[in-house]
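[1] dropping the sequence and predicted coords here.
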Amino acid sequence: MRLRNTIFVILVCTTNLFAEQKAIVTVPSPALLKEPKYNFDGSNIVTQMYRCDTVEILEQTKEKDKVCGKEDYWYKVKDKSGKEGWLYGGFLEIIQPNGSSNSSFTNIIRLTDGKNDKGYIAPTFSNDGENIVFASSRSKTYHIWIMDKNGGNLREISKLSWDMEPIWSPDNKYIVFASYGPNRNKGVFNIWTIGVDGTKLSQLTFDEDYNDDNQYPKWSPDGRSIVWSHAKQVWIMDRDGLNKKLLTSQPAKAYERPICWSSDSKFILYSGADTSYGRNPYKPFIIQRDGKNQRRILENIPSDEYMPPVNVIKYSKDGKFLYLHKEKSILKMDFNEQKVVKEILLPVDEVISIDISPDEKCAVFDDSGCEVAGNIYKYNFK
């Protein structure tokens, strides 16, 4: 009788250990499982979970398990719909009863509900910080969408085919983007603009040869010009598509892609690659809008560790600093001194495209990749 009472007390203590304790899912799309183990036929799956989902912890396994190179417990949890199942602890951030956690993951908010093949990519803040434009495959093919800064009021504004890489005009009235066009245009991207209400669609380039592909458009802050990558080199044109001309007089051998304009619209920052091979073949350059003073920058950062991809680097509003994305960090660099003055650690390492808000208090990014459709998140800086 005494033994039974002792066992009863232990069980009650174990249950109370997780009373009202919650956790946040930290990886893109883990499965909620019937049993704390993986199999490969899908029979153990209860439902699919997504990064930033909050769950209630019910219990944990007695022993740790090793999954994806991590060693942790399995936790039985309940999602917001009431479904129960097991999640691996390496995929969770435990929230203490007082609301605290051991990382900055609680500062991330998922803005979209991408599931299965519905992807959300390339988010960019409007210049007043009130809206976010992005590309999404919610409509089977990628179109351009806009949402409020907190993820509400989603509206589709383009309906061509493979509409990608959207960027705001300085007055927030238009979006410039790359697209295959209404008939997929033989798989060749061209540059288009459209009003934020979905009207006034205009085609700016008209190429049909794959070698003349047009991508990565960037609108100048003064609103007068658009730079883009045409036939693998940086070109510039008027906002209405007139006066197209090659910008880089000493082009890279393999590929060039515009990254951003300087805040005063005098310079364009772009990346160039002399080879398509290697871990990170791209190197950052700067050039005046008239094509003069073309030169390499950020040479103190080794090229094998740094690649400036599209929508990842941005000038501060005052033009004195550059924001760089490197691995799991956002770096704020004094442009003149080429010195990092601030490092902001990101809680995730699958960031693909990232943008900084105009007030420089938060960032939006997507985690799309080869294995997941991807969602868009907002990360509030501490």
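    Okay, I see it.

[2] please make it C-alpha for all contacts and neighbour counts, starting now.
    Fine.

[3] residues in contact with Ile45?
    Shown in contact with Ile45 (CA atoms under 8 Å, 6 or more residues apart in numbering): 31-34.

[4] go again with 10 Å.
    30-35, 38-39, 85-86 (CA atoms under 10 Å, 6 or more residues apart in numbering).

[5] break down the protein into its helices, ranges please.
    2-17 (DSSP state H).

[6] show me it divided up by domain.
    2-102, 109-380 (automatic domain parsing).

[7] which one of the ones you listed is the most hemmed in?
    domain 109-380 (a mean of 19; mean count of other CA atoms under 10 Å).

[8] lowest-confidence stretch among the domains of the chain?
    Among these, domain 2-102 carries the lowest mean pLDDT, a mean of 80.

[9] okay, the contacts of Ile45 in CSV with distance to Tyr323 next?
    Formatted as CSV, those follow (distance: CA to CA, whole Å):
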residue, distance to Tyr323
Pro30, 31
Ala31, 35
Leu32, 37
Leu33, 40
Lys34, 44
Glu35, 44
Tyr38, 40
Asn39, 43
Gly85, 41
Trp86, 39
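
[10] now intersect those residues with the strands, please.
    31-33, 85-86 (DSSP state E).

[11] quickly note the distance from Tyr323 to Ile268.
    15 Å (CA to CA, to the nearest Å).

[12] then Glu56?
    49 Å.

[13] is it true that Leu92 touches Thr54?
    Yes. Applying CA atoms under 10 Å, one finds Leu92 in contact with Thr54, separated by 9.3 Å.

[14] list the residues that contact both of these two?
    With CA under 10 Å, 6+ apart, Leu92 and Thr54 have common neighbours 22-26.

[15] export the residues you listed to CSV and tack on distance to Pro182?
    Listed next are those as CSV, based on distance: CA to CA, whole Å:
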residue, distance to Pro182
Lys22, 47
Ala23, 45
Ile24, 41
Val25, 39
Thr26, 38
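
[16] mind listing which of those are in strands?
    22-25.

[17] turn the residues you listed into JSON lines, columns for distance to Gln233.
    Converted to JSON lines, those look like this (distance: CA to CA, whole Å):
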{"residue": "Lys22", "distance to Gln233": "50"}
{"residue": "Ala23", "distance to Gln233": "47"}
{"residue": "Ile24", "distance to Gln233": "44"}
{"residue": "Val25", "distance to Gln233": "41"}
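
[18] which of those residues lies closest to Leu247?
    Val25 (45.6 Å; CA to CA).

[19] can you give me the strands for the stretch 1-150 of the chain?
    22-25, 31-33, 45-48, 54-60, 65-67, 70-72, 74-78, 84-88, 92-95, 108-110, 120-125, 131-139, 141-148 (DSSP state E, counting those that start in this stretch).

[20] no wait, the stretch 201-350 of the chain
    202-203, 214-219, 225-230, 233-238, 245-246, 255-261, 267-273, 282-288, 295-296, 314-315, 321-326, 329-334, 339-345.

[21] in CSV: those strands, plus distance to Trp74.
    Output for the strands of the stretch 201-350 of the chain, formatted as CSV (distance: least, CA to CA, whole Å):
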stretch, distance to Trp74
strand 202-203, 53
strand 214-219, 43
strand 225-230, 48
strand 233-238, 51
strand 245-246, 57
strand 255-261, 43
strand 267-273, 44
strand 282-288, 41
strand 295-296, 50
strand 314-315, 41
strand 321-326, 32
strand 329-334, 29
strand 339-345, 27
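
[22] gap between stretch 40-52 and the chain center?
    24 Å (CA atoms, centre = their mean, to the nearest Å).

[23] that stretch: end-to-end distance?
    25 Å.

[24] please apply the same query to stretch 59-79.
    End-to-end for stretch 59-79, by CA to CA: 14 Å.

[25] same check on stretch 46-61?
    18 Å.

[26] likewise stretch 203-215?
    End residues of stretch 203-215 are separated by 13 Å (CA to CA).

[27] who's in contact with that stretch?
    By CA under 10 Å, 6+ apart, stretch 203-215 touches 164-165, 176-181, 185-194, 227-235, 237-242, 244, 257-258.

[28] looking at the strands of the stretch 1-150 of the chain, which is closest to Tyr379?
    strand 108-110 (4.5 Å).

[29] can you tell me the closest non-neighbouring residue to Ile376?
    Spatial nearest neighbour of Ile376, chain neighbours left out: Asp366 (4.4 Å); criterion: CA to CA, 6 or more residues apart in numbering.

[30] just checking, the one you found touches Tyr377?
    Yes. With contact defined as CA under 10 Å, Asp366 counts as touching Tyr377 (6.3 Å).

[31] what's Leu246 in contact with, if anything?
    227-230, 233-237, 290-291.

[32] make a markdown table out of those and add distance to Lys342.
    Output for the contacts of Leu246, formatted as a markdown table (distance: CA to CA, whole Å):
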| residue | distance to Lys342 |
| --- | --- |
| Val227 | 29 |
| Trp228 | 30 |
| Ser229 | 31 |
| His230 | 35 |
| Gln233 | 32 |
| Val234 | 30 |
| Trp235 | 33 |
| Ile236 | 33 |
| Met237 | 35 |
| Asp290 | 32 |
| Gly291 | 32 |
